[in-house]
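[1] just the structure for this:
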Amino acid sequence: MPTLTRLAALLCFAIATVYAGTEYYKLYEEPPRSTNGIAFVALVAAVVGWRFVGLRLGAGLLRNFSLVIQGYIATVLMSFILLGFYNAFTMGYRQRYKSLDDAFQGFFDVSVDHLMRMSDTSFMLMLLIIAFVITGVVTLVFRLTERRRLGL
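    As a prediction, this is how the structure comes out:
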C-alpha cells in the first residue's frame, strides 16, 4: 500500500543518489560527459527506496539507519547487475565479448573498478552523512504520519 513513508524513502534515495552521482563523477580523472549513469542509478535507488526501505521503516532510528545502509548496498548491487546485463548484450553485439566467460570477466572488471573508485575516504564520509540525513527524514515522516495511521 502506498504510504507517505514509502514516498519519502523513494524521494530521499533518488535525490541523494543524484547528488552522490555528481560527486562520484568528480572522482574520475576525466569525468564522463553523459549523466545517463546518474539517472539510471537514481531510478534504481528510487525503486529500492520504495520497495525495500520504505516497506520496512519503523520508529527506531538505529533500525532505520541500518535499513538505509542496506538500501545503499542493494542499490549498488542492483545497479551493477543491471549494468552487467546491459554491457553483456551491447558488447556482445559489438563482438567485443566473444563468450559468456568474457562477459562475466568484463562485468567483474567494471564492478571492481567502480568499487575501487568509490572507496575514496571523502566520498564514503559523504555517503555516511547522507545516510544519517535520510534516516532522520524518513524517521520523522514515519513518526508524523504512520504512527497515527497505525495507532502507535
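[2] in this structure, where's the longest helix?
    helix 61-93 (DSSP state H).
[3] who are the packing partners of that one?
    helix 4-25, helix 36-48, helix 100-118, helix 121-141 (3 or more Cβ pairs under 8 Å, 6 or more residues apart in numbering; DSSP states H and E). Just so you know, the C-beta spots here come from the backbone N, C-alpha and C atoms, and that holds for glycine as well.
[4] in a markdown table: those, plus mean neighbour count, distance to G151 and mean pLDDT.
    As requested, the helices and strands packed on helix 61-93 are exported to a markdown table (neighbours: other Cβ atoms under 10 Å; distance: least, Cβ to Cβ, whole Å; pLDDT from 0 to 100):
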| stretch | mean neighbour count | distance to G151 | mean pLDDT |
| --- | --- | --- | --- |
| helix 4-25 | 20 | 15 | 95 |
| helix 36-48 | 19 | 28 | 95 |
| helix 100-118 | 13 | 42 | 83 |
| helix 121-141 | 16 | 17 | 96 |
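[5] redo those as a markdown table? Include distance to N87.
    Formatted as a markdown table, those follow (distance: least, Cβ to Cβ, whole Å):
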| stretch | distance to N87 |
| --- | --- |
| helix 4-25 | 18 |
| helix 36-48 | 12 |
| helix 100-118 | 6 |
| helix 121-141 | 23 |
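[6] go through these and name the closest to N64.
    Closest to N64 of these, according to Cβ to Cβ: helix 121-141, at 5.0 Å.
[7] before we move on, back to that, so for S79, which of the helices and strands packed on helix 61-93 sits nearest?
    helix 36-48 (5.0 Å).
[8] now the element after the closest one, going C-ward?
    helix 54-56 (DSSP states H and E).
[9] pull the residues that contact that following helix.
    T3, T5, R6, L7, A8, A9, L10, L67, V138 (Cβ atoms under 8 Å, 6 or more residues apart in numbering).
[10] which of these sit farthest apart?
    Spatially, the most separated pair among the contacts of helix 54-56 is L7 and L67, at 15.7 Å (Cβ to Cβ).
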